[in-house]
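> Below is the sequence, then the predicted model.
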Amino acid sequence: MAVGDGGPETVRGTGGVGATGMWTFLATDAMGFGGLLIAYGVLRVRAGVDTWPDPRARLALAPAAAMTFALLLSSLTMTLATRAPTVGRRRAWVLATLALGVAFLGGGAFEYAHLLGGAPAMGLTADLFASTFYVVTGFHALHVLAGVLAVSFMLRAKIGAQALETTALYWHFVDVAWMPIFSIIYLWPAR
Amino acid sequence: MTDDAMEPSPSPSPALAGEGSSGTASRPKTFPLLAVFALLAALTACELFVAGMDAGRAARITALAGLLMAKVGLVLSFFMRARANRRAARLTLLAIGVAAAAGVVLMLEMVFRVNVL
């Protein structure tokens, strides 16, 4: 079966140059996220239990949990889009995914504004925790933004099954990448 | 623009083939996805609960790490369908594993150095 002919194998995502290329890209991108989280872990361990701030004292969990929920839901809608039988339904699910991605970015922007405008303000250079927090979450937000742009393009163009499947892989990876960020940075207790 | 992009995708299975005309036909394929999503949401709620528990730091971190791995496994298996694309998925998981192992080694080394000093 040729790549991109829209056959059942393509829709199921079991092969294709696009999917393999995307998996390879995701492997390299995972190393990038891994490197940042390793840096966060090393700095946190090096700082010691007494000097590293408790994340729950600085970060609001409720908005972060809502953002997590939005990203999980967007993975579901994206999967439903790849399995939709008609273009109309596919477009509707892709639109829902796009809305949830934008909601996640909005939540992130709200969180940044709250942290930067709070008293005391947590600026980028406030301390090691602040620096690593902004770098890791900002790196992830850029990935979500890239995903939102890609999904927007899918909406503007006619959505093909193969292209949507490849984009969905990227979108799910963005969801997977957020999971350790949410767990390690927001939830792991400092003491 | 390819021809593929201009056409609706063919149904991946007989169960989905009738989705346009009958809503019940799609249930066998959609229900597992909804169940996985519900499980992911429940695991996230468990994470929030564990983080707020009055328990030891190490116990909470261990529990959170377990919940994290369960969530990642669910998304990889059911949403990314890693089982259907084993070779590429193995490559990605290998990269993640190498990064995680390197992190553990680095952190252990740092802990050892801090203790020595």
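That came through fine.
> contacts, neighbours, all on C-alpha from now
Noted.
> didn't residue A:115 look like it was pressed against residue A:121?
Yes. Using C-alpha atoms under 8 Å, residue A:115 makes contact with residue A:121 at a distance of 6.0 Å.
> So which other helices or strands are in contact with the helix or strand harbouring residue B:73?
Assigned by DSSP states H and E, residue B:73 belongs to helix B:57-74. The contact analysis (3 or more C-alpha pairs under 8 Å, 6 or more residues apart in numbering or on different chains; DSSP states H and E) places helix B:57-74 against helix A:161-180, helix B:27-51.
> For it, which outside residues touch it?
Contact partners of helix B:57-74, identified using C-alpha atoms under 8 Å, 6 or more residues apart in numbering or on different chains, comprise A:176, A:179-180, A:183, A:187-191, B:36, B:40, B:43-44, B:46-47, B:50-51, B:53.
> Any quick ChimeraX command for the buried ones out of those residues?
Buried residues among these (16 or more other C-alpha atoms under 10 Å in any protein chain shown), as a ChimeraX selection:
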select /A:176,179,180,183,187,188,189,190 /B:36,40,43,44,47,50,51
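> Skip ahead from the helix holding residue B:73 and say which helix or strand is next.
Helix B:57-74 is succeeded, C-terminally, by helix B:86-116 (DSSP H and E).
> Strands along chain A, start to end?
Taking DSSP state E, chain A contains no strands at all.
> Where does the prediction get shaky in it?
For chain A, applying pLDDT under 70 flags the ranges A:1-15, A:157.
> Next, count neighbours for the closest residue to chain B within chain A.
Going by C-alpha to the nearest C-alpha, chain B is nearest to residue A:160 of chain A, at 3.8 Å. Residue A:160 sits with 25 neighbouring residues when counted by other C-alpha atoms under 10 Å in any protein chain shown.
> which residues does residue A:67 contact?
Taking C-alpha under 8 Å, 6+ apart as the test, what residue A:67 contacts is A:103-104, A:107-108.
> Of those - the most surrounded one?
residue A:104 leads the contacts of residue A:67 on contacts (other C-alpha under 10 Å) with 24 neighbours.
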